[in-house]
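> coordinates only, sequence not included:
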Ligand code: SF4
């Protein structure tokens, strides 16, 4: 009998991408194989996000779309996990009774058992826990990349930002022990990974649970001691907890990349207070100054929310002022909209949609203008690009390979014999607001070719050669 096939469909942030790799790894360990594009999968898993606007409509739309396929394939199963499943609890199977399994953010590891139970009992299974069972990082994984990996250092968040639903869905911050994290990084590097991204809702509070405020800086430095690990990144930092020892560790650890994605959210102190973001614009800009003093080539990106309840024209002007002063290399910009279940949803003075949209356009124009100017300063410079899977692009007849520079800028390379996982050095020949083109390839450092991505089970490899917005 051929093995049952699966497809995982991911919505939302890096945390969900990371969880989806674990979901895929768990299913493969249980004997499932990934469905190829042409196949109707035996199991479809939706890893949902509750942060985005209309997340519910999108989920139920997708589920409705799948109903005829499921009717035509009676053995097919549908599972729904992630933040929306945690938030909506049992109501998913009431609204979509053809869903076989609903699991939450705290019990990803239960999925294979729940699928099996639903099949045997011919009944929907709903299992949602209030607290984390095991760190997702200790579960097997099927990584999307052979060369880059996410490494979770903490889950949950102790902050209470009024626009964010994460704390109520992911719980209080739980920190993994440094030894566990470093063991995982070593195992990944042994398997060919050269770039890791340390992942937590607030990496700068890492260590609070076990009483070591310097734990994150120490972790960065420890990653610097790992032979073969060429690139270390992290997300998301929080300006409140961002300390100078982390800046020193970044600057003094050669494999920690000169890039920082630090959410601003608003440049108005009044709005930051209403958001319960316990830093102010001066502190934010002060951190950036110190980062740039220590790492002059650092590219700094951010998240900004426009139209938070009560935001005035003057507040918005302050955001524009901070954006100008910060000279971001890029920004994820969001138009505020009410998210059910968050404190901000009940605040008075919701800003009219047309005013939000108008401010948003001004912000995007400014961000793009600055990013383009910053990118143009790199014309003629040599950049080192880790060639990535799946980020290529077609320019007319030219198929370009693409990847990320050390500062995390997206770079499209001239056609050359590099393959994903190689490190190419190339001179920048064109700059756009959101990417660079490097047509003058100077060198390619070849790495061992791999055919497919390994399945890793808690440090043991069971398959062979073969990846807040809100914080
Ligand atoms: S926005 Fe980030 S820091 Fe704030 S509550 Fe949400 S997860 Fe925590």
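Sure, I can see it. Quick caveat: nothing in here was measured; it's all calculated off a predicted structure.

> contacts and neighbour counts: CA atoms only from here.
OK.

> Pull up the residues of the stretch 101-250 of the chain that are close to the ligand.
Selection of the stretch 101-250 of the chain residues close to the ligand by Cα under 6 Å from any ligand atom yields 157, 159, 160, 161, 164, 166, 167, 201, 202.

> List the ones among the residues you listed that fall in helices.
Here DSSP state H is the test, and these give 166, 167 as lying in helices.

> Make TSV out of the residues of the stretch 101-250 of the chain next to the ligand and add neighbour count and pLDDT.
Formatted as TSV, the entries for those read as follows, by neighbours: other Cα atoms under 10 Å; pLDDT from 0 to 100:
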residue	neighbour count	pLDDT
157	22	92
159	17	93
160	17	92
161	22	94
164	23	89
166	24	81
167	18	82
201	29	91
202	26	94
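
> domain parsing for this protein?
5-133, 291-377, 382-445 (automatic domain parsing).

> Tabulate those in TSV, adding columns for mean neighbour count.
What follows is those, written out as TSV (neighbours: other Cα atoms under 10 Å):
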stretch	mean neighbour count
domain 5-133	19
domain 291-377	18
domain 382-445	19
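
> Quick check: the residue lying closest to residue 266 once chain neighbours are set aside vs residue 243, distance?
Among residues not flanking residue 266 along the chain, residue 319 sits closest, at 5.5 Å (Cα to Cα, 6 or more residues apart in numbering). Counting by Cα to Cα, to the nearest Å, the gap from residue 319 to residue 243 is 23 Å.

> what does whatever helix or strand residue 314 lives in rub up against?
Here residue 314, judged by DSSP states H and E, is contained in helix 313-326. With Cα atoms under 8 Å, 6 or more residues apart in numbering as the test, helix 313-326 has contacts from 266-268, 270-271, 281, 285, 288, 306, 359, 363, 366-367, 370.

> Equivalent analysis for stretch 29-36, please.
3-7, 24, 27-28, 41, 112, 140, 455, 462.

> let's see it at 6 Å
Applying Cα atoms under 6 Å, 6 or more residues apart in numbering, the external contacts of stretch 29-36 come out as 3, 4, 5, 6, 7, 41.

> Poorly predicted segments of this structure, please.
Applying pLDDT under 70 to the chain flags residues 52-53, 133, 136-137, 390-398, 448-471.

> which residues in it form helices?
For the chain, the helices defined by DSSP H occupy 14-29, 55-72, 83-88, 91-95, 111-121, 166-170, 178-190, 215-223, 244-252, 269-274, 281-294, 313-326, 353-376.

> Closest to the ligand out of the contacts of stretch 29-36?
Each of the contacts of stretch 29-36 was checked against the ligand using Cα to the nearest ligand atom; the closest is residue 7, at 27.4 Å.

> Provide a list of residues in contact with the closest one.
By Cα under 6 Å, 6+ apart, the contact list for residue 7 reads 35, 44.

> and if you look at residue 191?
Contacts for residue 191 were tallied using Cα under 6 Å, 6+ apart; there are none.

> Next: the one 4 residues further on.
Under the criterion of Cα under 6 Å, 6+ apart, the contact partners of residue 195 comprise 148, 231, 232.

> go again using 10 Å as the cut-off
Contact partners of residue 195, counting by Cα atoms under 10 Å, 6 or more residues apart in numbering, are 146-150, 185, 188-189, 228-233, 255-257, 386, 421.

> What subset of those is buried?
Neighbour counting over the contacts of residue 195 (16 or more other Cα atoms under 10 Å) leaves 146-150, 185, 188-189, 229-233, 255-257, 386, 421 as the buried ones.

> returning to what we had before: ok, which of the contacts of helix 313-326 also contact the ligand?
For the ligand, no contacts are drawn from these by Cα under 6 Å from any ligand atom.

> Show the contacting residues for residue 386.
147-148, 194-195, 230-231, 402-406, 408, 411, 418-425, 444-445.

> One more pass at 7 Å, please.
Contact analysis of residue 386 by Cα atoms under 7 Å, 6 or more residues apart in numbering lists 403, 404, 405, 421, 422, 423, 424.

> Quick check: of these, which lies closest to the ligand?
Nearest to the ligand among these: residue 404, at 24.9 Å, using Cα to the nearest ligand atom.

> all strands of the stretch 351-471 of the chain, in order?
Assigned strands in the stretch 351-471 of the chain, in chain order: 382-387, 393-395, 398-405, 410-413, 423-427, 430-431, 436-438, 440-445, 455-457, 460-461 (criterion: DSSP state E, counting those that start in this stretch).

> Put together CSV for those strands, with distance to residue 207 on each row.
Compiled in CSV, these are given as follows (distance: least, Cα to Cα, whole Å):
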stretch, distance to residue 207
strand 382-387, 31
strand 393-395, 41
strand 398-405, 30
strand 410-413, 32
strand 423-427, 33
strand 430-431, 40
strand 436-438, 37
strand 440-445, 37
strand 455-457, 25
strand 460-461, 27
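
> Which of those sits closest to residue 78?
Proximity to residue 78 (Cα to Cα) singles out strand 455-457 among the strands of the stretch 351-471 of the chain, at 22.8 Å.

> Can I get the contacts of helix 313-326 in JSON lines including distance to residue 88?
Putting the contacts of helix 313-326 into JSON lines (distance: Cα to Cα, whole Å) gives the following:
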{"residue": "266", "distance to residue 88": "30"}
{"residue": "267", "distance to residue 88": "33"}
{"residue": "268", "distance to residue 88": "33"}
{"residue": "270", "distance to residue 88": "33"}
{"residue": "271", "distance to residue 88": "29"}
{"residue": "281", "distance to residue 88": "36"}
{"residue": "285", "distance to residue 88": "39"}
{"residue": "288", "distance to residue 88": "39"}
{"residue": "306", "distance to residue 88": "27"}
{"residue": "359", "distance to residue 88": "32"}
{"residue": "363", "distance to residue 88": "34"}
{"residue": "366", "distance to residue 88": "38"}
{"residue": "367", "distance to residue 88": "36"}
{"residue": "370", "distance to residue 88": "41"}
